[in-house]
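**Q** please work out how this folds:
(one chain, ligands or ions: 1)
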Amino acid sequence: MTSAADATSTAKSALSAELAAMPLALMLVESRSTLMLRQRAAQLLQDQLGLASAECLYIDGSGRWLGRDGDEGQFDCSDFNHPYAHVIRSGKALTLSVADARTRLDDATFQQQVAALGAGSYLHIRPLRAADKGREWLGVMVLVGTQSRLRSLTEDPGMVAFDALLCRVWARLAREQGERQRSRLLQDSLAKLNDGARRQALADQLADDLLGQSSAMQALRRHVVRAAETNLAVLLQGETGTGKDRVARAIHQLSGRSKGPFMAINCAAIPEALLESELFGHAKGAFSGADQAREGLISQADGGTLFLDEIGDMPLALQAKLLRVLESGRYRPLGASEERCANLRLVAATHQPLREQIREQRFRADLYYRLGQFPLELPPLCERRDDIATLAQSFIRDFCEREGRDEMGITPAALRLLYRRDYPGNVRELKNVIDYACAMTPQGADIDAYLLPGEQSDQASSASEVTEDAGFALPDDIDDLRQALRDVESAIIRQRLRRFGGNRAQVAESLGLPKRTLAHKCQLLELDTK
Ligand SMILES: Nc1ncnc2c1ncn2[C@@H]1O[C@H](COP(=O)(O)OP(=O)(O)OP(=O)(O)O)[C@@H](O)[C@H]1O
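**A** You can find the predicted model right below:
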């Protein structure tokens, strides 16, 4: 009876000891990260067992290194000059005296670690392994204390249970942290992907307005999208007719200011005396003739974009004032007593080499750098000849729509000529060439090479004039007779084709040639491929 009662009371006291330990277990279970768990576990052991110190080292993601929280020090898991590698290799706890550790193990980091410990103390190192096989090794527990405190720990059932709980919670937290990290990475890369795809879609959309599939144009469209995402001042540089005006409008349209106004001014086209009041506005009576107060473009562009074309032609005095607007966001209309706030994005353009102008002291260097927060270079047409066909076809469509003409094509010979021309006026020049050729092309026909204006046709008309007057005025520098004869022949045929509106039968008759011969010559001279 008595022994049964004893057994019951022993069981009860074991149960109450276990229950008393529950808040401690709960502390571990409620850790929110593996770091917190390691710190709590170490603190708990140190306090409960009365140890000099306790810490948990963790094995990093590569499985190669044992790391210490809050410390750069690492231990190579395969370096047996420290005791942790032995514990990991054997999977068994190890107890050794600090004196022993100092003499027998010479890993520098480990030596540094034990140097601070009292010579009479002992190290007790326990392996920490997750039951879950996916990430078997978690780390090691390092306890420092007296030999008598540590000796009994190896097989202590309480310690074994503690290890099991610690490893279980650790493995769960590590798994959850890994999943969170993976999902964050996935979200980040999806966001990047979405951003990239969204930008590419916008750049593709721009291709309807900024035509051209050359790599230079594709890059330009991507930069326009990027520029539109910011409020930075944009400086467009490029030869005349390369599309600076178009790009400025595209930046505005794509920007957050697209609902606001787009105000443009050509600094070269306005007399110097007027430019300041055009930009800044003026108060009533500011100068003789200022009967009314007038808003300037800076004020009219409020909430939107101000486009200053030909900025290289802005007078120096005005450059200083513009710089002040850009830097302080404030300006004063002419004759006004108070300053006003400017809320605009500035896009400036020039075909002039501003750096040269700076050297010649015609342009302020500080303004140049302020304007060029987002510099954009527009490529000349001769550097993107691949775009000529696309541009030409689009301009033909525009012409037909504008003029109510039937659809019109362009012959390959004409396209070849377009491809070879020089374009000092860039896209504007190409557009004019096409408009002229469209106007000259008979209804129902396609644009033919002889209908293109320019050098060749000029040659043609001067050659024909001379032919009809007193013979050929020959250039002095002929060094290829056959080519020279071909040029004259080509000039004559072009001129006749123009005169007879492309009617080859009449041209042949007027030149005393059989139609077939004329057709052959046209082909050779690339006047027609039909
Ligand atoms: N990429 C393009 N796609 C379609 N049209 C274009 C393109 N680039 C230029 N153009 C056309 O060429 C002409 C000149 O363009 P724009 O006025 O934008 O050039 P610019 O560089 O501002 O010229 P400038 O320096 O002489 O003011 C316009 O008719 C414009 O529509």
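**Q** can you list the weak-confidence ranges in the stretch 401-530 of the chain?
**A** Judged by pLDDT under 70, the stretch 401-530 of the chain has its weakly predicted residues at 454-477, 528-530.
**Q** got the residues of it near the ligand?
**A** Applying CB under 6 Å from any ligand atom, we find that the stretch 401-530 of the chain lies next to the ligand at 427-428, 431. In short, each C-beta sits where N, CA and C put it, glycine included.
**Q** please name the nearest non-neighbouring residue to residue 515.
**A** residue 508 (4.5 Å; CB to CB, 6 or more residues apart in numbering).
**Q** ok, residue 393 next?
**A** In this structure, residue 393 finds its nearest non-sequential neighbour in residue 410, 7.0 Å apart by CB to CB, 6+ apart.
**Q** partner residues bridging the one you found?
**A** Residue 410 has these beta-bridge partners by DSSP bridges: residue 447.
**Q** hang on, the earlier thing: mind listing residues that contact whatever helix or strand the residue nearest to residue 515 lives in?
**A** Counting by DSSP states H and E, the element that carries residue 508 is helix 504-510. The contact list for helix 504-510 (CB atoms under 8 Å, 6 or more residues apart in numbering) reads 493, 496-497, 499-500, 514-515, 517-519, 522.
**Q** OK, contacts around the residue of the chain found nearest the ligand?
**A** In the chain, the residue that lies nearest the ligand is residue 243 (2.7 Å; CB to the nearest ligand atom). By CB under 8 Å, 6+ apart, the contact list for residue 243 reads 210, 378, 426-427.
**Q** how many neighbours does the residue nearest to residue 393 have?
**A** Residues lying near residue 410 (other CB atoms under 10 Å) number 23.
**Q** wait, it touches residue 395, no?
**A** No: the pair residue 410 / residue 395 is not scored as a contact, 10.0 Å apart, by CB atoms under 8 Å.
**Q** and the pLDDT at residue 240?
**A** Predicted confidence (pLDDT) for residue 240: 90.
**Q** check which residues of the helix holding residue 508 are buried.
**A** Neighbour counts over helix 504-510 (16 or more other CB atoms under 10 Å) mark 504, 507-508 as buried.
**Q** only alpha carbons, please: show it as CSV.
**A** Extracted C-alpha coordinates of helix 504-510, given in CSV (Å, rounded to 0.1, in the frame of the first residue of the first chain):
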residue,chain,number,x,y,z
ARG,A,504,6.8,55.0,-121.1
ALA,A,505,5.4,54.7,-124.5
GLN,A,506,5.6,58.5,-125.0
VAL,A,507,9.0,58.7,-123.5
ALA,A,508,10.3,55.9,-125.8
GLU,A,509,8.8,57.6,-128.8
SER,A,510,10.2,61.1,-127.9
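**Q** elements contacting the following helix or strand past it?
**A** As assigned by DSSP H and E, the chain's next helix or strand after helix 504-510 is helix 515-524. When contacts are defined as 3 or more CB pairs under 8 Å, 6 or more residues apart in numbering; DSSP states H and E, helix 515-524 sits against helix 481-499, helix 504-510.
**Q** tally of neighbours for residue 167?
**A** By other CB under 10 Å, neighbour count at residue 167 equals 21.
**Q** which elements pack onto the helix or strand hosting it?
**A** Taking DSSP H and E as the definition, residue 167 sits inside helix 157-206. Applying 3+ CB pairs under 8 Å, 6+ apart, one finds that helix 157-206 makes contact with helix 2-29, helix 34-49, strand 122-129, strand 137-145, helix 215-228, helix 244-254.
**Q** where among these is average confidence lowest?
**A** Across the helices and strands packed on helix 157-206, helix 2-29 gives the lowest mean pLDDT, at a mean of 72.
**Q** mind giving me the domain ranges of this structure?
**A** 19-178, 215-379, 392-524 (automatic domain parsing).
**Q** I'd say residue 310 and residue 354 touch.
**A** No: in this structure, residue 310 is not within contact of residue 354 by CB under 8 Å, at 11.3 Å.
**Q** contact residues of the protein facing the ligand?
**A** So far as CB under 6 Å from any ligand atom goes, the chain lies against the ligand at 210-212, 238, 240-246, 309, 351, 427-428, 431.
**Q** at 5 Å instead, please
**A** 210-211, 240-246, 351, 427-428 (CB under 5 Å from any ligand atom).
**Q** among those residues, the buried ones, what's the PyMOL command?
**A** With 16+ other CB under 10 Å as the burial test, the buried ones among the residues of the chain next to the ligand are selected in PyMOL as follows:
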select buried, resi 210+211+241+242+243+244+245+246+351+427+428
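**Q** phi, psi of residue 330?
**A** The phi/psi pair for residue 330 (degrees, to the nearest 10) reads phi -130, psi 150.
**Q** beta partners for it?
**A** Applying DSSP bridges, one finds that residue 330 bridges with residue 341.
**Q** pick out the residue nearest the middle of this structure.
**A** Nearest to the mean C-alpha position of the chain, counting by CA atoms, centre = their mean, stands residue 226 at 6.3 Å.
**Q** contact partners for it?
**A** For residue 226, the contacting residues are 199, 374, by CB under 8 Å, 6+ apart.
**Q** how about residue 438?
**A** Counted by CB under 8 Å, 6+ apart, residue 438 has contacts 395-396, 399-400, 403, 405, 408, 447.
**Q** the same query, at a cut-off of 6 Å, please.
**A** Neighbour list for residue 438: 396, 399 [criterion: CB atoms under 6 Å, 6 or more residues apart in numbering].
**Q** if I look at it, how far off is residue 407?
**A** Applying CB to CB, to the nearest Å, the value for residue 438 to residue 407 is 11 Å.
**Q** now do residue 160
**A** Taking CB to CB, one finds residue 160 at 89 Å from residue 407.
**Q** joint contacts of residue 438 and residue 407?
**A** Contacts common to residue 438 and residue 407, judged by CB under 6 Å, 6+ apart, are absent.
**Q** need phi/psi at the nearest residue to residue 428 once chain neighbours are set aside.
**A** Among residues not flanking residue 428 along the chain, residue 241 sits closest, at 3.2 Å (CB to CB, 6+ apart). Backbone geometry at residue 241, expressed as degrees, to the nearest 10, gives phi 80, psi 10.
**Q** residue 241: what's it in contact with?
**A** The contact partners of residue 241, by CB under 6 Å, 6+ apart, come to 425-428.
**Q** now for those: which two are most distant?
**A** For the contacts of residue 241, the farthest-apart pair by CB to CB is 425 and 427; their separation is 8.2 Å.
**Q** how many neighbours does residue 520 have?
**A** So residue 520, with other CB under 10 Å, has 12 neighbours.
**Q** from residue 493, how far off is it?
**A** 11 Å.
**Q** what's the answer for residue 19, then?
**A** 111 Å.
**Q** more neighbours: these two, which one.
**A** More crowded of residue 19 and residue 493, by other CB under 10 Å: residue 493, with 23 against 9.
**Q** how close does that one sit to residue 526?
**A** Residue 493 is 11 Å from residue 526, by CB to CB.
**Q** contact partners of stretch 265-280?
**A** Contacts with stretch 265-280, where a contact means CB under 6 Å, 6+ apart, come from 296-298, 308-311, 313-315, 318, 331, 333-334.
**Q** leaving out sequence neighbours, find the closest residue to residue 526.
**A** residue 413 (4.7 Å).
**Q** and residue 351, by the same measure?
**A** residue 240 (4.9 Å).
**Q** how close does the one you found get to residue 384?
**A** 16 Å.
**Q** got it, and residue 226?
**A** Applying CB to CB to residue 226 and residue 384 gives a distance of 20 Å.
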